[in-house]
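> Any chance you can model this:
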Amino acid sequence: MSTEMTCTRLTILTVAGIFLQIIGLSIFVFGFFPVKPTLSGVSGSESYRHPLCDPAPNKNESEIHPEKLRLLYQESSGISSRYDRLILMVIDGLPGEFVLGKDGQPPWKVWKESMPYTQSLLANGDAIGYHAKAAPPTVTMPRLKAMVSGAIGGFLDVAFNFNTQALLDDNLLGQFLRIGWKMVMLGDETWIKLFPGLFMRHDGVSSFFVKDTVQVDKNVSRHLPNELNNDDWNLLILHYLGLDHVGHTGGRNSPLMASKLKEMDDIVRTMHLKAMVDRSHDQGRTLLIVVSDHGMTENGNHGGSSYEETDSLMLFIGLSSNISDYAGATNNLAFQVDLTPTLALLFGVPIPKNNVGVLVPGTLDSLRDFEQLRALELNSWQLLRLMQAQLPNSLFEGFSCKCFVDGVCEGFDTDISECSGDKEKQLICLFRNAAVLHGIWKSKKLTESSAAEDFNRALDAYNAFLKTASEWLASKTTEKPVLLLGLGVSAMLLSCVVCVTLFLSLLKEVYNGPKDQVCSLYLLNLEEVFILAVLLILVISMGSSSMVEEEHYIWHFMVSTFYLLLLFKTVKSFSFSKGLNSLGEYRIGSIFLLLISGRLLRGWHQGGVNWTYFPAISKWLVQAGGSYVKWIQLISTFLVIGLGLFTLFRTGLKRKNVRIQAFGFSICGFLILLHAWRYQGDIFGTDNGATVTAKVIYLLLSISAVGGALVLPWSMLNKDKSFLAIAGDCLYMIGSAYVLCWCLLQLLLQQPINSGPILLLLIQILASSCLSSKDLHVNEWVEIAALYYMGMAGHFALGNSNTLATIDVAGAFIGISSHSTILSGILMFMITYASPLLFLLSLVMYIGGKLRNHSHLAHSDTDLGQLLKLKLGFPCLVPLCINSILLTAYTVVLLLMRNHLFVWSVFSPKYLYVCAATVCTYLGVCIVAVTVAYSLSVTTFLRSKTQLVDS
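Numbers count the residues shown, from 1 in each chain. Now for the predicted structure:
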């Protein structure tokens, strides 16, 4: 019985392997990225009672009138309410250092001068500013949830940021609603999605249409005069998006940044004077808080965990304080989640159940001593309740109600000792110390001589417990479901084994060698050993957080080294005594072209995390002026068009379809040049001409690429050529069209500074095709693996990294007149994975070239199934195997690093990129497989039909 692999069997096994990998990946992702542990329900009057005492009779507080419930909360808390209304102004993307400076130094002069009124409030002691550290991922939706619930969400919230769902957990806005507050929201529609039906008035705008930097803020400010005069609201939320959009489109140093800061300062001035200084309307006491959800990198992006991205602002205006100097009002540190308990206690509502934040230091200084300690006590009780859900009951033995009420704990003396041991025992000890010291202060507070000292000791003890408990809770996640993770990893391992086994099976058929020759490592040539060594080095480097951050160095080094090996092999094969022939010069020229273009790509962007401040070509061009960038863009576009058209006519075909296709691409190229010349400088606007032009380009490119792939195989029949020559010409033409179409599309979507790298990537593809078309005695799988490696090197050369902050959001809205999550997501994916997809699409060219080169070896009765198996199945298995190995290896690494310090800031973002690269590989291979199978099937059909007519 024959055991030879058939085309059908290969297809079934490959699809089964991919399907198994998808299942394993899905299981692992949902097992590894769980939702943070939460307590069900909402906080009520029980928040004001000690956690370990018997609860009071359960009351249905939803049936209590809101005003009575507010009075009940205020009486139970023991803290007098100082404010009646709250204005929460969110300036999206504003780094804290823009207002407060950095490392004790004031803000840059241009930033400081752009916000004179805000700076005067800080200098006069009328405002207190804090650098509020935001937890990664630094995107809007999870940061808003953190500010209103005090809980740090799961890492996958970065994905949910594009499809916000209602917030069901206990939160401040829900607590305010229960006591009868009326709320108004103006700005980012994320608030409306998080809290549907909560606001009595709202006017939302899309947060993702980043080209709009003007109307998105005017739409908020136009309501201000009326709302500041109204007295029917208790909470006014203003979420301004313009500054974040300015950052996305122009970076921190955008020429629009200063004017946008001045606009925000004018709004702060208007609200402060109208709502707080002017008391003629008797609207009650108002507290104004200016916050930001995250910061931004130098390029204006965010999502990662760098200081620039996590440094957000928290500014209290109108808060009575003892701060009298500018430095004291600006050199403060807090966490973003600390806003939740602070506002809850300032406005007399229970702290949300899942809060992990602590009172912002300095915000309660105006309260009396017993109110300050009571506020710290309530915050401690709330954190202790959250700890109880995650700690064994045995740790709480010896505590009783008296321990909370009087500071007398059974089994413990009243001496305060140093807390040691594991973290859980330290937490219990710190809380016990705070409770005891609080009890001592209560018993001695009538004795003036010792009251101040006892108060400060109790204050310090509470702060020590709160700080330690908050850090512990913030880092605590649910136990990973080991069985689920094991099942996911096992499925991916099995899928990897299937792919590698299929590859080795076809490897024997492709090279027709004996079994022992295929599997014997010592028979592998230098290039094959190097390709395998690259995989091994990548797998080993995945275990180092620094190597993950600087992965681009590996790809650039390995690709350059590979072509040096080819150069060495080429030179070694020459007989210099006879002199170089034209073929040898052609090879050496192509290799040098690859090396030079690779070096330029390597120096274009300084990627990674640790050395982004090093010089780079892109930085020099930007510093030289925008005109240089525009000329680079125009010249690159012109050269891409020229090289693409040259490649289309390279086969010598003069068919009408080819000329029509070339004409279509020429029109697209002209429109892209027009778009770059007329509209690129107006990237901050919403010019309808630019949108219409982009849509026309999308349409023409789609027709040229898809239409060409569908029509060309039907018009390539030539009786004077062999079957493989016809199929090879057809696929080479279609592949050239794919590559040119993709390059033109990227010239439209990418940042103007990336037009140079797009040209260099096209040059690399053409040089590689020249090498593969000349007999260099390099195995086919090595050439395909090299294309995959070049695609990954190009990925980093375009400015990408393993942090979420380098994702280009601005380009995802080119040609889109209104926000669409799906369309913007697709464009964002295309921009991010431009290079890997480009080199995968070039596989169609590669396969066509191989068919043409081997056409003289084929017989006229070539079997279609055998041809598809060896000429399509084998090339497609190479990227699938490489991706499967890297995906499986990094999954295992992530599992081993699940308790690592940088698991969420380094390893998890990298895993999201690995998952996205897997999707990219599937998509690219699918396009190649469908194109080649369709072209070969049509060519076979036409050939058989012609033979039937001739017979």
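> Share the number of residues neighbouring residue 278, please.
Neighbours of residue 278 under the rule other Cβ atoms under 10 Å: 11. (Each C-beta comes from the backbone N, C-alpha and C, glycine too.)
> Now do residue 570: how many residues are near it, please.
By the criterion of other Cβ under 10 Å, residue 570 has 18 neighbours.
> Which secondary structure elements does the one helix or strand it maps to sit against?
Residue 570 belongs to helix 551-572 when elements are defined using DSSP states H and E. Helix 551-572 sits against helix 526-541, helix 582-604, helix 780-797, with contacts defined as 3 or more Cβ pairs under 8 Å, 6 or more residues apart in numbering; DSSP states H and E.
> I'd like to know which of those is closest to residue 336.
helix 780-797 (30.9 Å; Cβ to Cβ).
> Could you break the chain into its assigned domains?
Domain ranges of the chain: 7-31+481-950, 35-360, 369-478, per the TED database.
> The helix holding residue 570: which residues count as buried?
Within helix 551-572, the residues scored as buried using 16 or more other Cβ atoms under 10 Å are 551-552, 554-556, 558-560, 562-563, 565-567, 569-570.
> Tell me which residues are up against it.
If you take Cβ atoms under 8 Å, 6 or more residues apart in numbering as the criterion, helix 551-572 is touched by 526-527, 530-531, 534, 537-538, 541, 547, 584, 587-588, 591-592, 594-595, 598-599, 601-602, 607-608, 771, 776-778, 786, 789-790, 792-793, 795-797, 801-802, 910.
> Just the buried residues out of those residues, in PyMOL syntax.
Under the burial definition 16+ other Cβ under 10 Å, those of these that qualify are selected in PyMOL by:
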select buried, resi 527+530+531+534+538+541+584+587+588+591+594+595+598+601+602+607+608+771+776+778+786+789+790+792+793+795+796+797+801+802+910
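> Against residue 206, how distant is residue 192?
Separation of residue 192 from residue 206 (Cβ to Cβ, to the nearest Å) stands at 11 Å.
> same check, this time on residue 14
Taken as Cβ to Cβ, the span from residue 14 to residue 206 is 41 Å.
> Quick check: mean pLDDT of stretch 706-724?
Stretch 706-724 shows an average pLDDT of 79 in the prediction.
> Can you give me the end-to-end span of stretch 297-305?
This stretch, stretch 297-305, spans 10 Å end to end (Cα to Cα, to the nearest Å).
> can you give me the offset of that stretch from its chain's centre?
10 Å (Cα atoms, centre = their mean, to the nearest Å).
> the helices in the stretch 801-950 of the chain, which residues?
Along the stretch 801-950 of the chain, counting by DSSP state H, counting those that start in this stretch, helices occupy 821-832, 834-853, 864-868, 874-896, 908-950.
> which one of those helices has the most crowded surroundings?
helix 834-853 (a mean of 25; mean count of other Cβ atoms under 10 Å).
> Could you name the helices and strands sitting against that one?
helix 723-749, helix 755-773, helix 780-797, helix 874-896, helix 908-950.
> Serialize these to JSON lines and add fields for distance to residue 631.
As requested, those are exported to JSON lines (distance: least, Cβ to Cβ, whole Å):
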{"stretch": "helix 723-749", "distance to residue 631": "14"}
{"stretch": "helix 755-773", "distance to residue 631": "10"}
{"stretch": "helix 780-797", "distance to residue 631": "20"}
{"stretch": "helix 874-896", "distance to residue 631": "36"}
{"stretch": "helix 908-950", "distance to residue 631": "32"}
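> And these: which comes nearest residue 125?
Ranking the helices and strands packed on helix 834-853 by proximity to residue 125 (Cβ to Cβ) places helix 908-950 first, at 40.8 Å.
> Show me what that closest one is packed up against.
Using 3+ Cβ pairs under 8 Å, 6+ apart, helix 908-950 is in contact with helix 7-32, helix 688-711, helix 723-749, helix 821-832, helix 834-853, helix 864-868, helix 874-896.
> I'd like the average pLDDT over that helix.
Mean pLDDT, computed over helix 908-950, is 87.
> what is the orientation angle of that helix with helix 874-896?
160 degrees (axes from the mean of the first three to the mean of the last three Cα atoms, to 10 degrees).
> hang on, the earlier thing: can I get the helices and strands packed on helix 551-572 in JSON lines with distance to residue 370?
Shown next, in JSON lines, are these (distance: least, Cβ to Cβ, whole Å):
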{"stretch": "helix 526-541", "distance to residue 370": "58"}
{"stretch": "helix 582-604", "distance to residue 370": "63"}
{"stretch": "helix 780-797", "distance to residue 370": "59"}
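> Lowest average confidence across the ones you listed, which one?
When the helices and strands packed on helix 551-572 are ranked by mean pLDDT, helix 582-604 comes last with a mean of 82.
> Quick one: distance of that helix to the chain centre.
34 Å.
> Mind giving me the packing neighbours of the helix or strand just after that helix?
Next along the chain after helix 582-604, taking DSSP H and E as the criterion, comes helix 617-624. Packing partners of helix 617-624 (3+ Cβ pairs under 8 Å, 6+ apart): helix 582-604, helix 626-648.
> Relative to residue 130, which of these is closest?
Of the helices and strands packed on helix 617-624, nearest to residue 130 by Cβ to Cβ is helix 626-648, at 36.4 Å.
> Dump the closest one to CSV, keeping only the CA atoms.
Coordinates of each C-alpha in helix 626-648 appear next as CSV, following Å, rounded to 0.1, in the frame of the first residue of the first chain:
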residue,chain,number,x,y,z
GLY,A,626,9.2,68.8,7.0
SER,A,627,10.2,69.6,3.4
TYR,A,628,12.9,67.0,3.4
VAL,A,629,10.4,64.3,4.6
LYS,A,630,8.0,65.3,1.9
TRP,A,631,10.6,65.1,-0.9
ILE,A,632,11.7,61.7,0.4
GLN,A,633,8.1,60.7,0.2
LEU,A,634,7.5,61.9,-3.3
ILE,A,635,10.8,60.5,-4.6
SER,A,636,10.1,57.1,-2.9
THR,A,637,6.6,57.0,-4.4
PHE,A,638,7.9,57.8,-7.9
LEU,A,639,10.6,55.1,-7.6
VAL,A,640,8.2,52.5,-6.3
ILE,A,641,5.9,53.2,-9.3
GLY,A,642,8.8,52.9,-11.7
LEU,A,643,10.2,49.7,-10.2
GLY,A,644,6.8,48.2,-10.0
LEU,A,645,5.9,48.9,-13.6
PHE,A,646,9.4,47.6,-14.7
THR,A,647,8.7,44.4,-12.8
LEU,A,648,5.3,44.0,-14.5
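> What residues of that helix count as buried?
By neighbour count on 16+ other Cβ under 10 Å, the buried set for helix 626-648 is 629-630, 632-634, 636-637, 639-641, 643-645, 647-648.
> got the angle between it and helix 688-711?
20 degrees.
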